[in-house]
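Student: Here you go, sequence then predicted model.
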Amino acid sequence: MLLLACEVIIINTQFKKGVLELLVLLIVQQEDKYGYELVEEVSKVVNVNEGTIYPILKRLTNEHYFETYLKESTEGPPRKYYHLTVLGKERKDELLKEWTNFNENVSKFIKESEHYE
């Protein structure tokens, strides 16, 4: 999986807040996940806890970016899985385009500013 190769980065809270929705959408795009799996996957990229991810999942579900379903678990009660909808794929594409543009512009600015040091 793509995210397994990433290094956990401790970052500014505002930076993290801006990218969490995109990370969650990208992870669920790869495979339906239940909440705790999402926390574990996102934590491989940025340090988060359940209290950060569950409100995002609720909001994305309410905005129809996710559909949910229950699946039996061998380790306890049924788990709620999240599945990306067509609208969710569109949102993911939009955020990914915005992130790529943002990242390129900031990286370019940083590189150019290094010439003035």
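Tutor: That came through fine.
Student: pull the longest helix from this structure.
Tutor: What stands out as the longest helix in the chain, according to DSSP state H, is helix 86-113.
Student: the strands in the chain, which residues?
Tutor: Secondary structure of the chain (DSSP state E): strands at 33-34, 66-73, 76-84.
Student: Now the longest one: buried residues?
Tutor: Think strand 76-84. By 16 or more other C-beta atoms under 10 Å, the buried positions in strand 76-84 come out as 79, 81-82, 84. Backbone N, C-alpha and C define where each C-beta goes, glycine included.
Student: Tell me how far the longest helix of the chain lies from the chain's centre.
Tutor: Relative to the centre of its chain, helix 86-113 is centred 14 Å away, using C-alpha atoms, centre = their mean, to the nearest Å.
Student: tally of neighbours for residue 25?
Tutor: Per other C-beta atoms under 10 Å, the neighbour tally for residue 25 reads 23.
Student: on that earlier part again, could you check the angle the longest helix of the chain makes with strand 66-73?
Tutor: Calculated by axes from the mean of the first three to the mean of the last three C-alpha atoms, to 10 degrees, helix 86-113 forms an angle of 110 degrees with strand 66-73.
Student: other SSEs contacting helix 86-113?
Tutor: If you count contacts as 3 or more C-beta pairs under 8 Å, 6 or more residues apart in numbering; DSSP states H and E, helix 86-113 packs onto helix 13-30.
Student: List the contacts of the helix it packs on.
Tutor: 1-3, 33, 38, 41-42, 45-46, 48, 52-53, 56-57, 60, 65-66, 82-84, 88-89, 91-92, 95-96, 99 (C-beta atoms under 8 Å, 6 or more residues apart in numbering).
Student: If you count neighbours, what's buried in the helix or strand bottoming out on mean pLDDT in the chain?
Tutor: Using mean pLDDT, DSSP states H and E, helix 13-30 stands out as the lowest-scoring helix or strand of the chain, at a mean of 87. By 16+ other C-beta under 10 Å, the buried positions in helix 13-30 come out as 16, 19-28.
Student: do stretch 61-68 as well
Tutor: Buried residues in stretch 61-68, defined by neighbour count with 16+ other C-beta under 10 Å: 61, 65-66.
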